[in-house]
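Colleague: generate a structure from the sequence data that follows.
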Amino acid sequence: MRVKDKLKSKTYSEWQEAVASSLSIKQTLVYLGISVHTRSYPDVREFLTSLNISIEHFTINGRPSAKILEKLCPNCNKVYTVPDNKKGRNQQTCSTGCYNTLFRTGINSPNYKTGISSYRAKIITDTSTCNRCGFAEVLEVHHKDRNRLNNSIDNLEILCPNCHAMEHRGVA
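Modeller: Numbers count the residues shown, from 1 in each chain. Sure thing, here's the model as predicted:
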């Protein structure tokens, strides 16, 4: 049976009901029990247009299109859009940069304790030098007890990369 004959085998009211309850040509044809190849979809579209049945609500993939939410970025005050789903509703800023600025710096930093955001900044100053050799160009912080969670000033030592490597390799 030709495609046009298959399409004409259904009544106008059957077509209306099928189109109203579907989001795509494929869903409409399945609803009506009509089997045609996808290359015949333009013929189906033309047939529905000739019947004055609107298919404007059809989507590309047969799924409802996601609703869009507009949100205001608390960092830069820019309005941005996100899909209305769990991930979109949980998005707090317009970009990764704004998120990092808002939640990873200053008092919002997970390392923030006393106004200085890291143990490195607590001990290394502009005039610091290696405690062992006096080198001042590149400096690292060594934990004397080798426990990285113990960031008390008494446990920290300023070393250059060479002295630090020698400390960890047991060469002294």
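
Colleague: tally up the residues packed near Glu46, please.
Modeller: Per other CB atoms under 10 Å, the neighbour tally for Glu46 reads 12. Heads up, the C-betas are built off the backbone N, CA and C, glycines and all.

Colleague: before we move on, what about the one 4 residues further on?
Modeller: A count of nearby residues for Ser50, using other CB under 10 Å, gives 9.

Colleague: report the contact partners of it.
Modeller: Ser50 makes no contacts at all, as judged by CB atoms under 8 Å, 6 or more residues apart in numbering.

Colleague: got a list of contacts for the lowest-mean-pLDDT helix or strand in the chain?
Modeller: Counting by mean pLDDT, DSSP states H and E, the weakest-scoring helix or strand in the chain turns out to be helix 119-123, with a mean of 78. Helix 119-123 has contacts (CB under 8 Å, 6+ apart) with Ile116, Val141, Asn151, Ile153, Leu156, Ile158.

Colleague: give me the low-pLDDT residue ranges for this structure?
Modeller: 65-66, 106-117, 172 (pLDDT under 70).

Colleague: apply 80 and report the result again.
Modeller: In the predicted model of the chain, residues 1, 59-66, 84-86, 88, 103-122, 125-126, 170-172 satisfy pLDDT under 80.

Colleague: domains in it, by residue range?
Modeller: What automatic domain parsing lists as the domains of the chain is 3-50, 68-104, 119-169.

Colleague: ends of the second one, what's the gap?
Modeller: What it means is domain 68-104. End-to-end distance of domain 68-104 (CA to CA, to the nearest Å): 28 Å.

Colleague: would you mark the buried spots in it?
Modeller: Lys71, Cys73, Asn75, Val82, Gln91, Thr93, Cys94, Cys98, Tyr99, Leu102 (16 or more other CB atoms under 10 Å).

Colleague: got TSV for the residues you listed, with secondary structure and distance to Asp5 too?
Modeller: Listed next are the buried residues of domain 68-104 as TSV, based on DSSP: H, G, I helix; E, B strand; the rest coil; distance: CB to CB, whole Å:
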residue	secondary structure	distance to Asp5
Lys71	strand	52
Cys73	coil	57
Asn75	coil	62
Val82	strand	47
Gln91	coil	51
Thr93	coil	57
Cys94	coil	54
Cys98	helix	59
Tyr99	helix	59
Leu102	helix	63
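
Colleague: okay, these in a markdown table with distance to Tyr41 next?
Modeller: Compiled in a markdown table, the buried residues of domain 68-104 are given as follows (distance: CB to CB, whole Å):
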| residue | distance to Tyr41 |
| --- | --- |
| Lys71 | 37 |
| Cys73 | 42 |
| Asn75 | 46 |
| Val82 | 32 |
| Gln91 | 36 |
| Thr93 | 42 |
| Cys94 | 39 |
| Cys98 | 43 |
| Tyr99 | 43 |
| Leu102 | 48 |
